[in-house]
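In: return atomic coordinates for the entry below.
(one chain, ligands or ions: 1)
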Amino acid sequence: MAEKMADKTAAAESRRIVLGITGSVAAYKAAELARLWVKAGFTVDVVMTDAACRFIAPLTLQALTRRPVWTQMWQNEQPVGDGMQHIALSRGAQAMVIAPATADFLARAAQGRADDVLSALCLARECPMFVAPAMNRQMWTHPATQRNIARLRADGVTVLGPDAGELACGEIGEGRMLSPEAIAAAVASESGEEKLLAGHRVLLTAGPTFEAIDPVRGLTNRSSGKMGFALAQAAAQAGAEVTLVAGPVALPTPTGVTRIDVVSAQEMADAVFAQAKRADIFIGVAAVADYAPAAPVTQKLKKETNETLTLTLRPTVDILAELAQRAPCVFRVGFAAESQDIVALGEAKRQRKQLPLLIANRAQDAINADDNEVVLLDDDGAHPLPRMEKTLLARELIKEVAKRLKTKPSKANG
Ligand code: CTP
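Out: Residues are numbered from 1 along each chain as shown. Predicted coordinates for the structure are as follows:
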């Protein structure tokens, strides 16, 4: 009995995160981050600097985490352990995450200061530490900040982001804190929480294809590649060896992923078929053109008359369906973007392509968006997931794939 209690306490402890908040407009996003972790079953202890308390009230974090919020070095109302909370709070925690981390905080942490409760905890901790910087683009690229970041990395701190985009100051550039979902996903994988696909080799396609009409023109679509890249990242974070065959998109290659850039559907098919021998999971996320110009020309087409121009198209190879013949042992996952009847049309597509799992969504929701709402279709029926950001959704989908690898073989897969 006593042993069981001890096990339970140890389990609860390993699911505890210390969230440090410093003084930035992005502090409001830390509330959402705390909420995500609480929802996922973590105990969250929040530590705030004086400046952070000017941006968001400790009471908000206290209400979300249902725990005391630490703002002072010598906060005696509810002491932790022997009252040495600047040490004790980090003991047994899975991770310490500073989000947002200001330029000033990074400088202090790089120096190893210990003159407030958060900096002291950073020094005294025994767990991995993550920082999610948030600041003006000029402050971020300043050599002093970059020196501090290099110092922290050398000291074993993981730096998450920042993102590029519109900043709180109104300027545009690098310095925006990563989204709470992206921070939660990175912390979970980096701290080794879930290596669900360890030992697996995942091959993915992502983005659009471009089918040439002439040397400068072509047929393509508005797929951003975000979902495929997020899945590649999540698969790598889940411990898989990942190869991503990407159509023309300007997205950075996810950490730990091997990327093969292609342009046309035929190039994508050739790359996938060449790699398939090494894979045991294939996820077709790319919006592959179903048709390509039958006779692309090598010289630029000239407008010669005001007559209409007729383009003859030929069907492209269906990579996902063809793989069933070429590599029958590979667990194949398809996507279907439908504008209506997503379950019925998606299920018909799943049967036609003989897939154990198909992820269906509304085309108008998915294309180019940062979030998505999908329905999973398998032999047991339709399983809807709530709308969520693509990085978070990618993690959920990887869990769903991993779950199905372990269960019964699919009827659809023969
Ligand atoms: N796919 C593929 N090769 C193709 C076409 C599609 O691998 N030439 C894959 C996609 O990556 C995706 C799934 O098949 O996983 C989508 O199937 P598809 O029938 O092309 O869906 P839609 O493009 O939505 O087709 P339709 O226009 O018939 O609805």
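
In: now do the helices in the stretch 301-414 of the chain.
Out: With helices called from DSSP state H, counting those that start in this stretch, the stretch 301-414 of the chain shows them at 319-326, 342-352, 363-366, 390-406.

In: mean pLDDT for these: which is lowest?
Out: Among the helices of the stretch 301-414 of the chain, helix 363-366 carries the lowest mean pLDDT, a mean of 78.

In: so how far is it off the chain centroid?
Out: 19 Å (C-alpha atoms, centre = their mean, to the nearest Å).

In: cool, and stretch 256-274?
Out: 21 Å.

In: how about stretch 317-325?
Out: On the basis of C-alpha atoms, centre = their mean, stretch 317-325 is displaced by 27 Å from the centre of the chain it belongs to.

In: what comes up buried for it?
Out: 317, 318, 319, 320, 321, 323, 324 (16 or more other C-beta atoms under 10 Å). C-betas here are computed from N, CA, C, even on glycine.

In: ok, now stretch 15-32?
Out: 15-24, 26-27, 29-31.

In: same deal with stretch 31-41?
Out: 31, 33, 34, 35, 36, 37, 38.

In: the residues you listed into JSON lines, with extra columns for secondary structure?
Out: Shown next, in JSON lines, are these (DSSP: H, G, I helix; E, B strand; the rest coil):
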{"residue": "31", "secondary structure": "helix"}
{"residue": "33", "secondary structure": "helix"}
{"residue": "34", "secondary structure": "helix"}
{"residue": "35", "secondary structure": "helix"}
{"residue": "36", "secondary structure": "helix"}
{"residue": "37", "secondary structure": "helix"}
{"residue": "38", "secondary structure": "helix"}
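
In: I figured residue 19 hits residue 32, correct?
Out: No - with contact defined as C-beta atoms under 8 Å, residue 19 does not count as touching residue 32 (11.3 Å).

In: leaving out chain neighbours, which residue sits closest to residue 52?
Out: Nearest residue to residue 52, sequence neighbours excluded (C-beta to C-beta, 6 or more residues apart in numbering): residue 21, at 4.2 Å.

In: up against the ligand, what does the stretch 101-250 of the chain have?
Out: residue 205 (C-beta under 6 Å from any ligand atom).

In: the helices in the stretch 101-250 of the chain, which residues?
Out: 103-111, 117-124, 137-141, 143-154, 180-190, 226-237.

In: now these in CSV, with mean pLDDT and mean neighbour count?
Out: As requested, the helices of the stretch 101-250 of the chain are exported to CSV (pLDDT from 0 to 100; neighbours: other C-beta atoms under 10 Å):
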stretch, mean pLDDT, mean neighbour count
helix 103-111, 97, 21
helix 117-124, 93, 21
helix 137-141, 94, 17
helix 143-154, 95, 15
helix 180-190, 87, 22
helix 226-237, 91, 28
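
In: in TSV: those helices, plus distance to residue 364.
Out: Below are those laid out as TSV (distance: least, C-beta to C-beta, whole Å):
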stretch	distance to residue 364
helix 103-111	41
helix 117-124	44
helix 137-141	33
helix 143-154	40
helix 180-190	22
helix 226-237	15
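
In: what about those helices, which gets the closest to residue 95?
Out: helix 180-190 (5.5 Å; C-beta to C-beta).
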